[in-house]
Every structure is written in C-alpha cells, then in structure tokens.
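Colleague: For reference, the sequence and a predicted model appear below.
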Amino acid sequence: MPSSEIIVEAAEPNLGDRPLAPVERLRLLARMFSRPVFSAMAKSGDWQFALSFLASHGFLRPSRRSQPLAELFEAAWQEIRGAYRNEFVYKAEIANRIVFGRHSPSTSSLHVELPVGRSIVDIAVFNGTSTAYEIKTEFDTPRRLSTQSADYLTAFDRVCLVTHPQCVESYEAILDPRVGVIALTERGSLRTVREPTSNKHNAQPRTIFNCLQKAEYVDAVSRKAGEPICKPTATIQAYCRDIFHEFTPLEAHAIFLKALRDRKTDGETVRFVTALPRSLRVLGYATPLSGRQRETALSALRADVNYHLV
C-alpha cells in the first residue's frame, strides 16, 4: 500500500502557488488511497478533513457541477493507474480482476499484507484453493524475494509473483520453479507468463498454525479429537499447537483454506466491499472498521460534493 503510515493532518503548508513536478502530483494523489485516509473518513464522515492535503496543495477546486465523492476517488485512481503504477495499483487490480472478476467476493476472500512465516504476503486469495501474490513493481528490487517465496511455499498451494512486463524475464530466472509469474500489462490486465505449480502437499502445519486465530485452531483440534477442547487459557495454545503439528500437509492446508476464506466472505463484508468504488475495494478489505464505520464511509462516498480535481 502506498505508505500506510502517513499521518492525516488538518492543515499543511499552502503550496498551491508552487507548481508541482508530475511525479510529486501523482504521489500526493496516491495518498488518497492509504489506510489512514480511508480510516479517517470512515470514522468521522468528514471527507474534507481526510483529504485536506489535496486542498492545501491546490488540487481541489470548487465546481458548479456536483458529483458523488466516489467519483473524485475514481478520477484520481484513473490518473495514478495510468501514470504511477505503485504497489497499491497492483493490489487493486488483483482484487478487481480476480476476486470481483474471475471469482466472486462471496466465495473468494482477499487478505492484504498477511503475515506468513518471516514474511508478509502482499495479497492472499482463498477460494477453491489458496494463492499468495507477491508484488514487485518497476520501482522494486529482488531483495528478500527468495526468503519471501520460500515462506509462502510453506503455507500456500499456489504462489505467484506479479510484476511489470519488462521485469518478467529477470524474475523468471531467479524464482523457485514452483512460483508462477504474472505481468500487469499497460492496459491493467493480468497476463499469466508462467503457471504456478500446486504446492499444498508441501504445506507445513507449524507455519499454518501461526496464521490461525485462536477460535480457528481450537475448532480444528476439537474436530481432530472428536470432542471440545477444554484447557486453561494459559495452556490451550501450546496444547493445540502440539496436536496441530500432527496434521498432514493436506489436512493443515484444508484448515488454513477454510479459516481464511470464512474470515472475509461473511455477508456484511461482502456487502461493504461490493458497495465501494473499484478504486477503494482493496482498502475495504485492508482497513479494520466497525459496522457503523463502514456505513459512515459508504454514506460519505455517496454524498454529492461541489469539488473537482485540478
């Protein structure tokens, strides 16, 4: 995600009179698609506060024609999507083209920045199987790629690298042969260059256990034992871990798949992410919000505003 640690402030120095270089403009527009901005809007409903950095740089101007706030985000999205393909652009295209295009948000769950082993998967999708998507944009380097892919291969059935078309050959040469390669084309489509190899028979129960929440591993172990697990809070994790390590790779992967799919395919989450504009769906998955905050975000995005981007 583009700099998820940005602090949204009510005011910044007024730089509207100083022309910005094109790349500076694009970086500022990309800030619209950060978790702090989306969270601030969802918690307060005050989009002008959340997007105050646009006004302070002279990017927002009054308009005679009103439009839903969502269209303001879509206009910025189209600009950065065409000229500044940062990591967020890749994540959004994976969400839109795979979860909302090839599959369905009611049967496929999407997780953003999921910890696995010593690494963090950029995008993980769980439907009929599990797929990890590691993103390397044209601005990235191969640093840590070998350890990242090795970690993902201890939990996921399919592992894919998504990169710029011009980077495909260099990454193919250094990747584990089990890892697939996908190019994000200039038109925004995802072109498979090398199919990933099914890997779930190599899943490691130890790694998968650490990806699960307490209720998920307790349920799995209870099913294995054929009766509810009744242990003190201080010891139940260690007890379940020892039993979970006895699962076969295929058993552990099946538990992983069901647990992570169920987390994001509940009715409320599906309704929320489906109602968001295409540019914000991945943030809808990535940002922890209460039910009321989700409704506040949707109301703000539907509201008409008399501003446009310049």
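Modeller: In hand now; what should we look at?
Colleague: Please name the nearest non-neighbouring residue to Asp262.
Modeller: Leaving aside its chain neighbours, Asp262 sits nearest to Ser109 (7.5 Å; criterion: CB to CB, 6 or more residues apart in numbering). Any C-beta I mention is one placed from the backbone N, CA and C, and that applies to glycine too.
Colleague: quick one: the closest residue to Gln204 other than its chain neighbours from Ala70, how far?
Modeller: Of all residues not flanking Gln204 in the chain, Thr154 sits nearest, at 4.3 Å (CB to CB, 6+ apart). From Thr154 across to Ala70, the span is 40 Å (CB to CB, to the nearest Å).
Colleague: Gly284 reaches Glu268, doesn't it?
Modeller: No. Using CB atoms under 8 Å, Gly284 makes no contact with Glu268, being 11.4 Å away.
Colleague: To what extent is the nearest residue to Arg97 once chain neighbours are set aside buried, counted in neighbours?
Modeller: The shortest distance from Arg97 to any non-neighbouring residue, by CB to CB, 6+ apart, is to Leu190 (5.5 Å). Residues lying near Leu190 (other CB atoms under 10 Å) number 19.
Colleague: do the same with Gly58
Modeller: Gly58: 15 surrounding residues under other CB under 10 Å.
Colleague: Assign the most centrally placed residue in the chain to helix, strand or coil.
Modeller: With distances taken as CA atoms, centre = their mean, Val112 lies nearest the centre of the chain, 2.9 Å away. Three-state call for Val112 (DSSP: H, G, I helix; E, B strand; the rest coil): strand.
Colleague: One more: Ile135?
Modeller: Of the three states, Ile135 takes strand under three-state DSSP.
Colleague: What distance do you get for it to Ser66?
Modeller: Distance of Ile135 to Ser66, given as CB to CB: 36 Å.
Colleague: Tell me which of the two has more neighbours.
Modeller: Ile135 (22 against 12).
Colleague: show me the contacts for that one.
Modeller: Going by CB atoms under 8 Å, 6 or more residues apart in numbering, Ile135 touches Glu87, Tyr90, Lys91, Asp122, Ile123, Leu161, Val162, Thr163.
Colleague: what's the closest of those to Ala42?
Modeller: Closest approach to Ala42 among the contacts of Ile135 (CB to CB): Lys91, at 18.6 Å.
Colleague: The host helix or strand of the closest one - contacts with which helices or strands?
Modeller: Using DSSP states H and E, Lys91 sits in helix 87-94. The contact analysis (3 or more CB pairs under 8 Å, 6 or more residues apart in numbering; DSSP states H and E) places helix 87-94 against helix 69-83, strand 119-126, strand 130-136, strand 180-184, helix 281-286.
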